[in-house]
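Peer 1: Quick one, fold the following:
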Amino acid sequence: MFPSTRRYLHPLKRALTMVFLPVSLRLTRRTSTTMRHSQMDFVVTSVYWSLRMFAPSLILLPTEASSTPSLPPRGLMRLPLPIDLAMHLAPFVSLLIDFALFEPKFSSRQMAIAPIVMITYATVYAGALERFAALNDFFPYPFLDVSSLPIRIAIYAGASCVGLGCLAFLNRMHSASR
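Peer 2: Here you go, the predicted model:
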């Protein structure tokens with residue numbers, strides 16, 4: 001799908017794993033997997049499925065470009081539903097179940113570091129997206145292709161705030177259910 005991405009993505013993933021795995025293992029005693037991943041999983045799930053349902057041309061890549069640039073593409077690449085659900089819904093649902101059934105409510109100290117975790121993830125993710133877009137001349141998500149840099153920064157910041165809000169809401173609901 002992104003021919004030159006594989007050449008750059010594999011070494012980047014390996015480097016990030018080598019750097020962040022020890023850090024992650026060190027932090028495991030202080031923060032749970034749920035805190036580190038639920039924010040981003042919620043953002044991915046909410047953005048992907050809302051765009052997929054209401055504005056699919058902003059999230060799905062075109063199958064074939066139109067011969068006239070002003071016309072929309074002839075079709076959109078759609079993943080098979082089981083793969084789509086596994087990639088864009090299952091991670092959040094599994095973390096939500098894990099949090100509800102097995103995790104205690106996050107302490108105020110843990111919630112205080114949540115913005116730092118989210119800002120770090122958002123910055124790394126946005127940087128990677130911008131870098132890969134520069135290498136490939138397009139973003140993997142069409143809604144970023146039609147946005148200028150200031151708008152993309154606002155999208156990244158807004159998605160981060162939504163993720164933090166989700167974590168705060170889930171943490172508040174968690175204590176209410178027990």
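
Peer 1: which secondary structure elements does the helix or strand harbouring Gly158 contact?
Peer 2: Taking DSSP states H and E as the definition, Gly158 sits inside helix 149-177. Secondary-structure packing of helix 149-177 (3 or more C-beta pairs under 8 Å, 6 or more residues apart in numbering; DSSP states H and E): helix 33-54, helix 90-102, helix 108-136, helix 142-145. (Glycine included, C-beta is placed from N, CA and C.)

Peer 1: okay, the angle between the longest one and helix 149-177?
Peer 2: For helix 108-136 against helix 149-177, the angle by axes from the mean of the first three to the mean of the last three C-alpha atoms, to 10 degrees is 150 degrees.

Peer 1: Next, the buried residues of helix 108-136.
Peer 2: 110-111, 114, 117-118, 121-122, 125-126, 129-130, 132-133 (16 or more other C-beta atoms under 10 Å).

Peer 1: between those residues, which is nearest Ala154?
Peer 2: Nearest to Ala154, judged by C-beta to C-beta, of these is Ala126 at 11.2 Å.

Peer 1: where does the closest one land on pLDDT?
Peer 2: Predicted confidence (pLDDT) for Ala126: 92.

Peer 1: do the same with Ile151
Peer 2: Ile151 is given a pLDDT of 95.

Peer 1: Equivalent analysis for Pro142, please.
Peer 2: For Pro142, pLDDT reads 86.

Peer 1: Surely it is in contact with Arg52?
Peer 2: No. Judged on C-beta atoms under 8 Å, Pro142 makes no contact with Arg52 at a distance of 11.8 Å.

Peer 1: Tell me which of these two has more neighbours.
Peer 2: Taking other C-beta atoms under 10 Å, Pro142 and Arg52 do not tie; Pro142 has more neighbours (20 against 17).

Peer 1: Now the nearest residue to the more buried one once chain neighbours are set aside. Its backbone dihedrals?
Peer 2: Excluding the flanking residues, the one nearest Pro142 by C-beta to C-beta, 6 or more residues apart in numbering is Leu58, at 5.5 Å. The phi/psi pair for Leu58 (degrees, to the nearest 10) reads phi -90, psi -10.

Peer 1: With Pro62 instead?
Peer 2: Dihedral angles (degrees, to the nearest 10) for Pro62: phi -70, psi 150.

Peer 1: Run through the bridge partners of it.
Peer 2: Note on Pro62: beta-bridge partners Leu76, judged by DSSP bridges.

Peer 1: close enough to count as contact, it and Pro56?
Peer 2: No. Using C-beta under 8 Å, Pro62 is not in contact with Pro56; the gap is 10.5 Å.

Peer 1: Overlap in contacts, the two.
Peer 2: Applying C-beta atoms under 8 Å, 6 or more residues apart in numbering, one finds that Pro62 and Pro56 are jointly contacted by Leu76.

Peer 1: where in this structure is pLDDT low?
Peer 2: The chain contains residues with pLDDT under 70 at 1-39, 64-74, 175-178.
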